[in-house]
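[1] what follows is a predicted structure for the sequence shown.
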Amino acid sequence: MVPRSFVVTRTRQDTRDTATLWLTAMDGAPLAFEPGQFTMLQAYGVGEVPVSISGDPADDGVLQHTIRDVGSVSHALATAETGARLGVRGPFGVGWDVGTARGRDVVIVAGGIGLAPLRPAVLEICANRAAYGEVTLLYGARTPAERLFTDELPRWAAEHGVAVHVTVDRSDDSWRGPVGLVTGLVDRVVFRPELATVLVCGPEVMMRHTAAAFLDRGVAPADVRVSMERNMKCGIGLCGHCQLRELFICQDGPVLGYGLVASLLTQAEL
């Protein structure tokens, strides 16, 4: 429960309401993490919120968070300036476990800011690209201006052989790509259903429909992994805010097999 002090060493405004922070521990000690894990990130005097780590797992000296400005705490974090001090607890939770997908085809599906928690998994796969089969990224954003990591998407395709498909909900004059929901891209994916691992992060309704689309193509429910965010407050399974029946998302997740949570996601008020 005791946070470590980190200093903001760099900031970047990604979109109108989303920013990325680079943090370094003031005690100099590294913070190793697995792709898909999160920290409890604290703006001193304001509060703390769970934020998935969006940085490179190979670089444990720098902690990277991509934050959407949606409330008082996230506003304080997203607008933090270089030199600001923040508190960090963690990392917490179960990640994407991409090592178990070696030798398999991997399909990564992101909706909106859901690409941020998936970015560490993409980076780990790219760093060990020969260990995986076909790798595909499907990414959906609300508008072209709200896309994240636009400089990296073409590099992942050109340098690491990742098949990248991007769609937007609403187009503008600058956009020449697909328009529509990210689930509409599923039919474009080339993969072996019996040897496919699917990683999905985005709004809950998007994750349900995406999982259903891959199940229809023959992927086993256990091979579809989704990342849940459910009002996490303590990060260590004490407060109960993130409980989903018998599951505590902060400890049992946030990444969970779809076969485990499919029936729970359809129950109102659970």
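    Perfect, thanks for sending it. Note that the structure is predicted; figures quoted are calculated from it, not measured.
[2] can you show me the strands along the stretch 101-250 of the chain?
    105-111, 135-141, 163-168, 196-201, 224-227, 243-244, 247-248 (DSSP state E, counting those that start in this stretch).
[3] now do the end-to-end distance for stretch 82-99.
    From its first residue to its last, stretch 82-99 covers 35 Å (C-alpha to C-alpha, to the nearest Å).
[4] what does stretch 106-122 give?
    Taking C-alpha to C-alpha, stretch 106-122 runs 10 Å from one end to the other.
[5] related to what we said a few turns ago, for the strands of the stretch 101-250 of the chain, give me CSV that also has mean neighbour count.
    For every residue, glycine as well, the C-beta is placed using N, CA and C. Formatted as CSV, these follow (neighbours: other C-beta atoms under 10 Å):
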stretch, mean neighbour count
strand 105-111, 26
strand 135-141, 24
strand 163-168, 19
strand 196-201, 26
strand 224-227, 26
strand 243-244, 17
strand 247-248, 18
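[6] distance to Thr24 for the ones you listed - can I get that in TSV?
    Shown next, in TSV, are the strands of the stretch 101-250 of the chain (distance: least, C-beta to C-beta, whole Å):
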stretch	distance to Thr24
strand 105-111	27
strand 135-141	29
strand 163-168	30
strand 196-201	26
strand 224-227	26
strand 243-244	34
strand 247-248	30
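[7] can you tell me which of those strands is nearest to Arg16?
    Of all the strands of the stretch 101-250 of the chain, strand 135-141 sits nearest to Arg16, with 12.2 Å by C-beta to C-beta.
[8] what lies in contact with that closest one?
    Identification of contacts with strand 135-141 by C-beta atoms under 8 Å, 6 or more residues apart in numbering yields 105-112, 115, 122, 125, 129, 147-148, 153, 156, 160-169, 181-182, 185-186, 188-191, 202, 206.
[9] give me phi/psi at Gly28?
    phi 80, psi -10 (degrees, to the nearest 10).
[10] state the pLDDT value of it.
    Looking at Gly28, its pLDDT is 93.
[11] also Glu269?
    So, for Glu269, pLDDT stands at 69.
[12] follow-up on the earlier one: just tell me which of the strands of the stretch 101-250 of the chain ends up closest to Asp97.
    In terms of C-beta to C-beta, the element of the strands of the stretch 101-250 of the chain nearest to Asp97 is strand 224-227, at 7.8 Å.
[13] other SSEs contacting that closest one?
    The contact analysis (3 or more C-beta pairs under 8 Å, 6 or more residues apart in numbering; DSSP states H and E) places strand 224-227 against strand 196-201, helix 204-216, strand 255-257, helix 258-265.
[14] this completes my enquiry, with thanks.
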